[in-house]
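Trainee: Got a sequence here, can you model it:
(4 chains)
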There are 2 protein chains.
Amino acid sequence: MRMTCQRRVILEELRGVCTHPTADQVYEMVRRRLPRVSLATVYRNLETLSDCGIIQKLEMSGTQRRYDGNPATHYHTRCLVCGRVADISVEPCRLLEVPCIDSNGFHIRGHRLEFIGVCRDCREAEGSTDRTEAGPPCIS
Amino acid sequence: MRMTCQRRVILEELRGVCTHPTADQVYEMVRRRLPRVSLATVYRNLETLSDCGIIQKLEMSGTQRRYDGNPATHYHTRCLVCGRVADISVEPCRLLEVPCIDSNGFHIRGHRLEFIGVCRDCREAEGSTDRTEAGPPCIS
DNA sequence: CTCAGTGCAAACGATTTGCAGGGCC
DNA sequence: GGCCCTGCAAATCGTTTGCACTGAG
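Mentor: Modelled structure (predicted):
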């Protein structure tokens, strides 16, 4: 794998953030340093880099793909309001990764786990506009 | 919600299989009974039915969406060779669903977990060359 | 009768690909 | 100097949407 200028900048930019950007966000970041770069190049390099295990491709819950400069196994939380993705400090469940045969004949080789939640910003935005603020103490 | 003919057939067909079909597979199934149905109608109804909690939308790792006629919470295994999806008999981890605030300020409301493996057919197809050993602890 | 639901076609958005040059090793 | 990599544009693919019409309640 050749370390071209584009590839290096993409990797540097991705490692420089903790936001798990989408391909077009990476494109915008890279474009500030390499104005003539193309989106296709960004896609191709993100693909190549994740194939090599240098970065991580995050594919879950039917949304736009995201990329993570940290190749180590760890889990993420996704905000169901704004889509933001953050790392979460849950230990990887190695138990679930022990190869085994399940009842349907599948040879299990791994798992994907992500958490769904609401980030602080979105909670504050929601909270200031509706129901939660005005309610009297709940006596249930 | 009106129970139109299209909606009823889509639901019946989806409940009649355990293959977790994609929208176009549902379309083909429905088309055998309603030849003039449109793919857009299938998409719209699958959306409506899952919004109502009657069926489940499965949005898994970067592939085509799939649908499940069983609305109860359960996990799935996906074959990394052929993409087939099957139920897996792992108890939902209720522990992970207890609302809590993580270290990044996310209010966790749920999680998504899927298992990745190779189905029996694909193992046999690629198979005689490699690992046939029985795996240790089995999850299911 | 009314309006949610339909079929059709066209739009859409994310990602991929064909191609003719350009530059890393 | 070979050939991997690039930029550009167009293609692809799953999914969604605008519109006029239809049929369930």
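Trainee: SS state for the closest residue in space to residue A:25 that isn't next to it in sequence?
Mentor: The shortest distance from residue A:25 to any non-neighbouring residue, by C-beta to C-beta, 6 or more residues apart in numbering or on different chains, is to residue A:19 (7.6 Å). Where C-beta positions appear, they are placed from N, C-alpha and C, glycine not excepted. Each residue gets one of three states, and residue A:19 gets coil by DSSP: H, G, I helix; E, B strand; the rest coil.
Trainee: For residue A:69, see how far away residue A:19 is.
Mentor: Per C-beta to C-beta, to the nearest Å, residue A:19 is found 10 Å from residue A:69.
Trainee: so the residue nearest to residue A:25 makes contact with residue A:85?
Mentor: Yes: counting by C-beta atoms under 8 Å, residue A:85 is a contact partner of residue A:19 at 7.5 Å.
Trainee: ok, which stretches of chain A are strands?
Mentor: Assigned by DSSP state E, chain A shows strands spanning A:56-58, A:66-68, A:75-79, A:85-88, A:100-101, A:107-118.
Trainee: Can you lay out those strands as TSV showing mean neighbour count and mean pLDDT?
Mentor: Below are those laid out as TSV (neighbours: other C-beta atoms under 10 Å in any protein chain shown; pLDDT from 0 to 100):
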stretch	mean neighbour count	mean pLDDT
strand A:56-58	19	96
strand A:66-68	23	97
strand A:75-79	22	93
strand A:85-88	20	93
strand A:100-101	18	82
strand A:107-118	20	90
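Trainee: want to throw the ones you listed into CSV with distance to DNA strand D?
Mentor: Below are these laid out as CSV (distance: least, C-beta to the nearest atom of the strand, whole Å):
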stretch, distance to DNA strand D
strand A:56-58, 16
strand A:66-68, 15
strand A:75-79, 17
strand A:85-88, 20
strand A:100-101, 29
strand A:107-118, 17
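Trainee: which helices and strands does the lengthiest helix in chain A pack with?
Mentor: Counting by DSSP state H, the longest helix found in chain A is helix A:39-51. Where contact means 3 or more C-beta pairs under 8 Å, 6 or more residues apart in numbering or on different chains; DSSP states H and E, helix A:39-51 is packed against helix A:5-15, helix A:23-31, strand A:56-58.
Trainee: what residue ranges in chain A score low on pLDDT?
Mentor: A:62, A:94-99, A:128-140 (pLDDT under 70).
Trainee: Can stretch A:30-40 be said to contact DNA strand D?
Mentor: Yes: against DNA strand D, stretch A:30-40 shows contacts by C-beta under 7 Å from any atom of the strand at A:34, A:36, A:37, A:38, A:39, A:40.
Trainee: Nearest residue to the fifth one in space, ignoring adjacent ones along the chain?
Mentor: Right, residue A:39. Closest residue to residue A:39 apart from its sequence neighbours, by C-beta to C-beta, 6+ apart: residue A:27 at 5.0 Å.
Trainee: mind checking how far the one you found is from DNA strand C?
Mentor: 9 Å (C-beta to the nearest atom of the strand, to the nearest Å).
Trainee: try residue A:43
Mentor: Using C-beta to the nearest atom of the strand, residue A:43 is found at 4 Å from DNA strand C.
Trainee: now do residue A:20
Mentor: In this view, residue A:20 and DNA strand C are 12 Å apart by C-beta to the nearest atom of the strand.
Trainee: How about the contacts made by that residue?
Mentor: Neighbour list for residue A:20: A:58, A:66, A:67, A:68, A:76, A:85, A:86 [criterion: C-beta atoms under 8 Å, 6 or more residues apart in numbering or on different chains].
Trainee: And the residues of stretch A:30-40 next to DNA strand D, which is closest to DNA strand C?
Mentor: Distance to DNA strand C across the residues of stretch A:30-40 next to DNA strand D (C-beta to the nearest atom of the strand) is lowest for residue A:40, with 3.1 Å.
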